[in-house]
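Chemist: Generate a structure from the sequence data that follows.
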Amino acid sequence: MAVAEDDSSLGFFPFSFHSAAQWSQNCTASMSATAPSSSFNLVSNLDLQRWQLTSIGPQHSLSSIHFLVQPHCSKGAPCLASPLFSSPAGGENVAKTENLEEGRPSFKWVEVGPHATEEQRIAISNLPFKMTKRCKALMRQIICFNPQRASLSDVLAAWVRIMKPSRADWLAVLKELKKLNHPAHLEVAELALLEESFEANVRDYTKLIHWYGKQNQLQDAEEALLAMKQRGFICDQVTLTAMVDMYSKAGHFELANKTFEEIKLLGLPLDKRSCGSMVMAYIRAGMPEQGEILLREMDELEIFAGSEVYKALLRAYSMIGNTDGAQRVFDAIQFAGIIPDARLCGLLINAYATTGQSDKALVAFENMRKAGIEPSDKCVALVLHAYERENKINKALDFLIDLERDDKLKLPEKLYLWPDSG
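Modeler: Residues are numbered from 1 along each chain as shown. Purely as a prediction, here's the structure:
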């Protein structure tokens, strides 16, 4: 058996072994040869069954695993040899042993090794200068994390036990992980909620639900909501609104409507975001009329929806050719103080063009020009499309001639190409 360089002066005894029995024999022989019998009585004190190694997976062959046997002394008890798992790979090694008698895990926190990749070193060097040392220590562990050596929960548990972080430390780490768009961000956030030092509150769960919603992870969001309730936190309007928004974007109208009704049962005044999310749910479910009704109820309560809600409702009416609905929403947009642009005007023109109402499409086009809005090529094409549906070639030519008189408006040649009747 090849024995590595002697480190006995530091209290470590490295070995390479091919079987547990061989390791036990050589460990006993080496320890007996390097220490007085009065200090170490390993034959009687080393109990291999006392320790359970959980960091070694099937990917490690026995011939390539190295163990560092470190004397481990407890008060009033003889010294024992505790195995510390060490991998030759780069990154930080977190070794885990389990004391079966006490029934609790014991972790070893080891700093980043020299074999960290260049990308990892750059990421570590770019950590904020003002970040505390304990936060940087965890960030280094996460950046160099290797799931084959330990679990992320083990790393966080060791960090909590050794460095006693505060809530501010947790938030600083989560903020940096979000900034880096690190894949472990959500998992760290989940595990943080379970730690007493994090001092979790309702808003922390709401943020987690919101993050899940953005990634369309509905089941994870629902599990987070259930966990929040099990911990005794009461769902408030902000949390339920996040659920409505998530269900709405995912196209689950029934769940969105059910959650919205729960918000009403709270007895609190509805807000812009919850109502807006429900209007969008109606639109995505193909029920723009119901969304418009809710929009009018919001106006009565002096709750003004965002411009994106009005635009979505106008687009829904425009695509199905509902000219009355499109005109109502277009008027409501102006009453709400939203200045129409060429895109919004184009949606109104499209509603008339789709149904072959060329005269009203032309009126909408002229109103846009009178308001000082420069028409786009698409708006012009929509008016021509309305004339095409009614086969009014002469009116289409007159329309183009009138536009040419305006020196500021230069029309592309493709607009003059009338489609073949056949």
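
Chemist: Going by residue numbers, what spans are strands in the stretch 101-250 of the chain?
Modeler: With strands called from DSSP state E, counting those that start in this stretch, the stretch 101-250 of the chain shows them at 104-109.

Chemist: mind listing the helices in it by residue range?
Modeler: Across the stretch 101-250 of the chain, reading from the start of the chain, the helices by DSSP state H, counting those that start in this stretch fall at 118-125, 133-143, 152-163, 167-180, 185-193, 202-214, 218-230, 237-250.

Chemist: helices and strands around the second one, which ones?
Modeler: Meaning helix 133-143. If you count contacts as 3 or more CB pairs under 8 Å, 6 or more residues apart in numbering; DSSP states H and E, helix 133-143 packs onto helix 118-125, helix 152-163, helix 167-180. Any C-beta I mention is one placed from the backbone N, CA and C, and that applies to glycine too.

Chemist: and those as JSON lines, adding mean pLDDT, distance to Glu111 and mean neighbour count?
Modeler: Rendered in JSON lines, the data for the helices and strands packed on helix 133-143 read as follows (pLDDT from 0 to 100; distance: least, CB to CB, whole Å; neighbours: other CB atoms under 10 Å):
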{"stretch": "helix 118-125", "mean pLDDT": "90", "distance to Glu111": "11", "mean neighbour count": "13"}
{"stretch": "helix 152-163", "mean pLDDT": "92", "distance to Glu111": "12", "mean neighbour count": "18"}
{"stretch": "helix 167-180", "mean pLDDT": "95", "distance to Glu111": "17", "mean neighbour count": "18"}
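
Chemist: Dump the ones you listed into CSV; add distance to Glu297 as well.
Modeler: Output for those, formatted as CSV (distance: least, CB to CB, whole Å):
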stretch, distance to Glu297
helix 118-125, 50
helix 152-163, 46
helix 167-180, 36
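
Chemist: Which of these sits closest to Leu301?
Modeler: Closest approach to Leu301 among the helices and strands packed on helix 133-143 (CB to CB): helix 167-180, 34.6 Å.

Chemist: how far out from the middle of the chain is the closest one?
Modeler: Here helix 167-180 is found 14 Å from its chain centre; the criterion is CA atoms, centre = their mean, to the nearest Å.

Chemist: cool, and stretch 285-301?
Modeler: How far stretch 285-301 lies from its chain's middle: 30 Å, per CA atoms, centre = their mean.

Chemist: and it, which residues are buried?
Modeler: Of the residues in stretch 285-301, those scored as buried under the neighbour-count criterion (16 or more other CB atoms under 10 Å) are Ala285, Pro288, Gln290, Gly291, Glu292, Leu294, Leu295, Met298.

Chemist: Also stretch 391-401?
Modeler: Within stretch 391-401, the residues that count as buried by 16+ other CB under 10 Å are Lys392, Lys395, Ala396, Phe399, Leu400.

Chemist: Now for Thr259: which residues touch it?
Modeler: Counting by CB atoms under 8 Å, 6 or more residues apart in numbering, Thr259 makes contact with Leu240, Met243, Val244, Tyr247.

Chemist: One more pass at 6 Å, please.
Modeler: With contact set as CB atoms under 6 Å, 6 or more residues apart in numbering, Thr259 has these partners: Leu240, Met243, Val244.

Chemist: pretty sure it is in a helix, no?
Modeler: Yes. Counting by DSSP: H, G, I helix; E, B strand; the rest coil, Thr259 falls inside a helix.

Chemist: How confident was the prediction at it?
Modeler: At Thr259, the pLDDT value in this model is 94.

Chemist: Report the separation between it and Leu138.
Modeler: Counting by CB to CB, to the nearest Å, the separation of Thr259 from Leu138 is 36 Å.

Chemist: Tell me how far stretch 277-287 lies from the chain's centre.
Modeler: 24 Å.

Chemist: So for it, what gets flagged as buried?
Modeler: When neighbours are counted by 16+ other CB under 10 Å, the buried residues of stretch 277-287 are found to be Ser277, Met278, Val279, Met280, Ala281, Tyr282, Ile283, Arg284, Ala285.

Chemist: mean confidence for that stretch?
Modeler: 95.

Chemist: now do stretch 323-340
Modeler: In this model, stretch 323-340 carries a mean pLDDT of 93.

Chemist: Only the buried residues of it, if you could.
Modeler: Within stretch 323-340, the residues that qualify as buried by neighbour count (16+ other CB under 10 Å) are Thr323, Gly325, Ala326, Gln327, Arg328, Val329, Phe330, Ala332, Ile333, Ile338, Pro340.

Chemist: coming back round to it: and the buried residues of stretch 285-301 as TSV, adding secondary structure and distance to Gly346?
Modeler: Conversion of the buried residues of stretch 285-301 to TSV gives the following (DSSP: H, G, I helix; E, B strand; the rest coil; distance: CB to CB, whole Å):
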residue	secondary structure	distance to Gly346
Ala285	coil	25
Pro288	helix	18
Gln290	helix	25
Gly291	helix	21
Glu292	helix	20
Leu294	helix	25
Leu295	helix	21
Met298	helix	26
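
Chemist: can you list the weak-confidence ranges in this protein?
Modeler: Counting by pLDDT under 70, the chain shows low-confidence ranges at 1-108, 113-114, 407-422.

Chemist: Geometrically speaking, which residue is the centre of it?
Modeler: Nearest to the centroid of the C-alpha atoms of the chain, with distances taken as CA atoms, centre = their mean, sits Trp211, at 4.2 Å.

Chemist: and stretch 305-315, how far out from the chain's middle?
Modeler: Shown here is stretch 305-315, whose average C-alpha point lies 26 Å from the average C-alpha point of the whole chain (CA atoms, centre = their mean).

Chemist: Need the CA coordinates for it. PDB is fine.
Modeler: The C-alpha trace of stretch 305-315 is given here as PDB (Å, rounded to 0.1, in the frame of the first residue of the first chain):
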ATOM      1  CA  ALA A 305     -56.300  49.200 -14.600                       C
ATOM      2  CA  GLY A 306     -52.900  49.500 -16.300                       C
ATOM      3  CA  SER A 307     -52.600  50.300 -20.000                       C
ATOM      4  CA  GLU A 308     -51.600  46.700 -20.800                       C
ATOM      5  CA  VAL A 309     -55.000  45.500 -19.600                       C
ATOM      6  CA  TYR A 310     -56.900  47.900 -21.900                       C
ATOM      7  CA  LYS A 311     -54.600  47.000 -24.800                       C
ATOM      8  CA  ALA A 312     -55.200  43.300 -24.200                       C
ATOM      9  CA  LEU A 313     -59.000  43.800 -24.100                       C
ATOM     10  CA  LEU A 314     -58.900  45.900 -27.300                       C
ATOM     11  CA  ARG A 315     -56.800  43.300 -29.100                       C
END
